[in-house]
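Novice: here is a sequence together with a model predicted from it:
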Amino acid sequence: TVEVESPSTLKQLSKAKQKNELLSEKLSTQNEQCKHLEEQIRKSDEYSCNLQHKIAAYECEISKLREELLKEISHLEERKEEAVKAASSCSAEHFQSLQEQFFGLQKRLTALPPALRSMKTDYASLRSQVRNFSDFYGAAISDAKKQITAAIHEMSEANKDLLEKYRKEVALRRKYHEQLVELKGNIRVLCRVKPVLKEDQHEEGQLVVVTTDPNNESALLVMNKGKGRSFELDKVFHPQATQEEVFQEIEPLVTSCIDGYHVCIFAYGQTGSGKTYTMEGSVENPGINQRALKHLFKEIEDRKDMWCYTVNVSSVEIYNEVLRDLLSKDGEKLDIKINPDGTGQLHVPGLRVTEVKGFQHIKKILAKARRNRITFGTQMNQHSSRSHALLCITVYGTDLANGSKTTGKTTAYYNCLTWERLKEAQNINRSLLALGDVIQALRGNQTHIPFRNSRLTYLLQDSLGKGNKTAMVVQVSALESNVGETLCSLKFAQKDLPLPLRFFFFFIVTAL
């Protein structure tokens, strides 16, 4: 049969289907929620079970702790009882000790009144003594002053006697020193032989022809063309002689300068013979200049309690008979005049004179003067000096006891005999000839000393005059190639050549 449903029925049927689908979805959702809740309940049961186990464990632990706590409380109770018993026993002993101290204090308090009465008596006695102390103190001070004054007077007299003896001793030492210097000779001629250097041993004509005598410090032998010639000088230094050995011969002259004498120290010889090394030396091994200045300031320091010294320095150069100041900026040309103070001594107007306080200051001045010198290259020395250089040290001394004054002057000088530039050579020769004549006249005690023959000797007049001290250091080479110049230098030192030949020697040496 075919049933025909009405539209309303279909509509209701459609709505019923929709509700059925909704209900099915809700049922599905509820089923999922139910499963989720079941899962949560299962987890809650597990967690609850774990908590119960933990609670049981905690209860067990708490039970154990309770038992331990009860035991500790019981132990503490026992210790408390023991401490109470010990404290009670200690308190009894302490109380007994305090009781004994109390009884002792009572006894001491009983004994105090007699002691106080004794102290009052002593105090009264001390007060009376203090009242009389001022008079006793004044008398004692007066007596002590008299004794101290007498002792000071006695010491003063003793010091005066000692000071007088010391001055006599100083004067006697100075007298003996000067006698020793005079016995050696106021004009001493020293000779130093330059050692053969390594670079000289590989060249021709470098045989050693100059020998010294180990048994005679004054003898020197020179071999020339198979013939030997001996020279006698005041002192000959062998090639191995040290700078200190050379200075030991010069040292007495420095002491003479402190004592008020004029002193001249100079070296001469051919180029490359060692003049600069002897006079200036090196940084590690200084020469005569620096050693003399060190000794000078050492002597000044040793005498500072007796003397007050002032040291002035100047440095000049004589180039082609023209005087130049080596300490001025532009090397000002100067002239030599008679001092207008009436002493008759010479002075150089406009010369820069510097007061120095110590050795280091002088070293700076020496370096400045060295830079300002005129030099020119030669075959033997690339920076050979072309002039005479003079370093003048003037020492003014004042005796602190009586105010007496002394003036000493040291002049250090060295020249360079060179081979070129004829005009310079002729002027150097002229100066050296004049210097030789002055030295010869002084050694011969002649009445007329030809100081005015050159600027060099005129400037050195105060230092070379009679009664003053002079040291000549002749530098010679030991090599055969220099034997001619060596012989001429030694002959000049002995002053045994006639004047024309000496002039020829210097002219030839400087003009070849």
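Specialist: Arrived safely. Computed from a predicted structure; not experimentally measured. Numbers count the residues shown, from 1 in each chain.

Novice: from here on, just use CA atoms for contacts and neighbour counts.
Specialist: Noted.

Novice: what about Glu82, neighbour count?
Specialist: For Glu82, the count of nearby residues is 12 (other CA atoms under 10 Å).

Novice: which strand or helix spans it?
Specialist: Element membership for Glu82, per DSSP states H and E: helix 7-184.

Novice: which other helices and strands contact that helix?
Specialist: On a contact count with 3 or more CA pairs under 8 Å, 6 or more residues apart in numbering; DSSP states H and E, helix 7-184 meets helix 243-258.

Novice: helix or strand right after the helix it packs on?
Specialist: strand 262-269.

Novice: from Lys405, how far off is Thr354?
Specialist: 20 Å (CA to CA, to the nearest Å).

Novice: now the stretch 1-150 of the chain, which segments are flagged as low pLDDT?
Specialist: 1-5 (pLDDT under 70).

Novice: and if you look at the stretch 301-450 of the chain?
Specialist: 331, 342-344, 374-387, 408-429, 443.

Novice: so the residue most central in space within the chain: helix, strand or coil?
Specialist: For the chain, the residue sitting closest to the mean C-alpha position, by CA atoms, centre = their mean, is Gln360 at 10.5 Å. Classification of Gln360 using DSSP: H, G, I helix; E, B strand; the rest coil returns helix.

Novice: in contact with it, which residues?
Specialist: Neighbouring residues of Gln360 by CA atoms under 8 Å, 6 or more residues apart in numbering: there are none.

Novice: any idea how far the closest residue to Thr457 other than its chain neighbours is from Ile318?
Specialist: Spatially, and ignoring its direct neighbours in sequence, Thr457 is nearest to Phe451 (5.0 Å; CA to CA, 6 or more residues apart in numbering). Separation of Phe451 from Ile318 (CA to CA): 15 Å.

Novice: would you say Glu284 is within a strand?
Specialist: No - Glu284: not assigned to a strand; according to three-state DSSP it is coil.

Novice: what's the pLDDT at it?
Specialist: Looking at Glu284, its pLDDT is 89.

Novice: next one: Ser230
Specialist: pLDDT, read off for Ser230, is 90.

Novice: for the helix or strand where it lies, which strands pair with it and how are they oriented?
Specialist: Using DSSP H and E, the element containing Ser230 is strand 227-232. Under the criterion DSSP bridges, strand 227-232 sits next to strand 216-224 (antiparallel) in its sheet.

Novice: how about the strand it pairs with: buried residues?
Specialist: Within strand 216-224, the residues that count as buried by 16 or more other CA atoms under 10 Å are Ser218, Ala219, Leu220, Val222, Met223.

Novice: return the member of those residues nearest to Gln243.
Specialist: Nearest to Gln243 out of these is Ser218 (CA to CA; 18.1 Å).

Novice: I figured that closest one hits Leu233, correct?
Specialist: Yes - contact criterion CA atoms under 8 Å: Ser218 and Leu233 qualify, at 5.1 Å.

Novice: got the buried residues for the strand holding Ser230?
Specialist: Glu232.

Novice: the helix or strand that it is followed by pairs with which strands, and in what direction?
Specialist: Going down the chain from strand 227-232, the next helix or strand is strand 235-237, by DSSP H and E. Next to strand 235-237 in the sheet, as set by DSSP bridges, lie strand 187-194 (parallel).

Novice: give me the contact list for the strand it pairs with.
Specialist: 210, 233-239, 273-274, 443, 469-478, 493.

Novice: before we move on, what about stretch 288-296?
Specialist: 243, 246-247, 250-251, 254-255, 258, 278-281, 359, 363, 412.

Novice: please point out which parts of it sit buried.
Specialist: In stretch 288-296, counting by 16+ other CA under 10 Å, buried: Ile288, Asn289, Gln290, Arg291, Ala292, Leu293, Lys294, Leu296.

Novice: now the residues you listed in TSV, please, with extra columns for distance to Arg324, secondary structure and pLDDT.
Specialist: Formatted as TSV, those follow (distance: CA to CA, whole Å; DSSP: H, G, I helix; E, B strand; the rest coil; pLDDT from 0 to 100):
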residue	distance to Arg324	secondary structure	pLDDT
Ile288	23	helix	89
Asn289	20	helix	85
Gln290	23	helix	86
Arg291	26	helix	90
Ala292	24	helix	88
Leu293	23	helix	87
Lys294	27	helix	89
Leu296	26	helix	88
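
Novice: what's the separation between Asp45 and Leu51?
Specialist: 10 Å.

Novice: what about stretch 238-247, start to end distance?
Specialist: Note: stretch 238-247 ends 14 Å apart using CA to CA.

Novice: can you give me the pLDDT of Arg192?
Specialist: 93.

Novice: what's opposite it in the beta bridge?
Specialist: Arg192 has these beta-bridge partners by DSSP bridges: Phe237, Gln475.

Novice: switch to numbering from 40
Specialist: Yes, from this point I'll number from 40; that puts the last item at Arg231.

Novice: could I get the full set of helices for the stretch 340-489 of the chain?
Specialist: Assigned by DSSP state H, counting those that start in this stretch, the helices in the stretch 340-489 of the chain fall at 398-410, 461-482.

Novice: beyond the longest one, next helix or strand please.
Specialist: What it means is helix 461-482. Using DSSP H and E, the first helix or strand after helix 461-482 is helix 494-498.

Novice: can you list contacts of that next one?
Specialist: 357, 360-362, 375, 385, 427, 470, 473-474, 477, 490-491.

Novice: mind doing that once more with 10 Å?
Specialist: For helix 494-498, contacts defined as CA atoms under 10 Å, 6 or more residues apart in numbering pick out 355-362, 374-376, 385-387, 427-429, 452, 467, 469-478, 488-491, 500, 502-503.

Novice: mark which of those residues are buried, thanks.
Specialist: Buried members of the contacts of helix 494-498, scored by 16+ other CA under 10 Å, are 355-360, 362, 385, 387, 427-429, 452, 467, 469-478, 488-490, 500, 502-503.

Novice: and the residue nearest to Thr496, how far from Gln79?
Specialist: From Phe490 to Gln79 the distance is 138 Å (CA to CA).

Novice: mind telling me what element Val235 is part of?
Specialist: Per DSSP H and E, there is no helix or strand for Val235.

Novice: is it in contact with Pro278, as I believe?
Specialist: Yes - contact criterion CA atoms under 10 Å: Val235 and Pro278 qualify, at 8.0 Å.

Novice: any common contacting residues for these two?
Specialist: Common neighbours of Val235 and Pro278 (CA under 10 Å, 6+ apart) are Ser516, Ala517.

Novice: still on that earlier bit, out of the contacts of strand 226-233, which are buried?
Specialist: 249, 272, 274-278, 312-313, 508-517, 532.
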